[in-house]
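Q: predicted structure and sequence below. I'll ask about it afterward.
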Amino acid sequence: MDAPAVVTDRGNTGDRCRMLLSAPLPCEVQTVEQIVNLHVERLPEGVYLATSDDVPGLVAQGRTLSETLEIARDVSRRLLDASAPSC
């Protein structure tokens, strides 16, 4: 089970979060863990938007902060899996 994302900084433009990802390495039995820094902000429309400089292409939007973090975790895994070398 993944550790929950932790809000580490609150500001006027949004929150900074850290999220721990666990994903199997391709062609190996091991699992690698990586901490991803997120920038989460609440948009005027009332939804949350998460982006990350650590994972290029990561954009996640949800109705609640929890939903947004769950989507961000899933998208991060998929992006990191897609960029991993294949066997």
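A: Everything's here; your move.

Q: for the rest of this, base every contact and every neighbour count on C-alpha atoms.
A: Noted.

Q: could you report the neighbour count for residue 44?
A: Taking other C-alpha atoms under 10 Å as the criterion, the count of residues near residue 44 is 7.

Q: would it count as being in a strand?
A: No - judged by DSSP: H, G, I helix; E, B strand; the rest coil, residue 44 forms no part of a strand; its state is coil.

Q: this protein: strands as residue ranges?
A: According to DSSP state E, the chain carries its strands in the segments 6-10, 15-24, 31-42, 48-51, 59-62.

Q: check which helices and strands the longest one sits against.
A: Meaning strand 31-42. Where contact means 3 or more C-alpha pairs under 8 Å, 6 or more residues apart in numbering; DSSP states H and E, strand 31-42 is packed against strand 15-24, strand 48-51.

Q: any idea which of these has the lowest pLDDT on average?
A: Looking at those, the lowest mean pLDDT belongs to strand 15-24 (a mean of 65).
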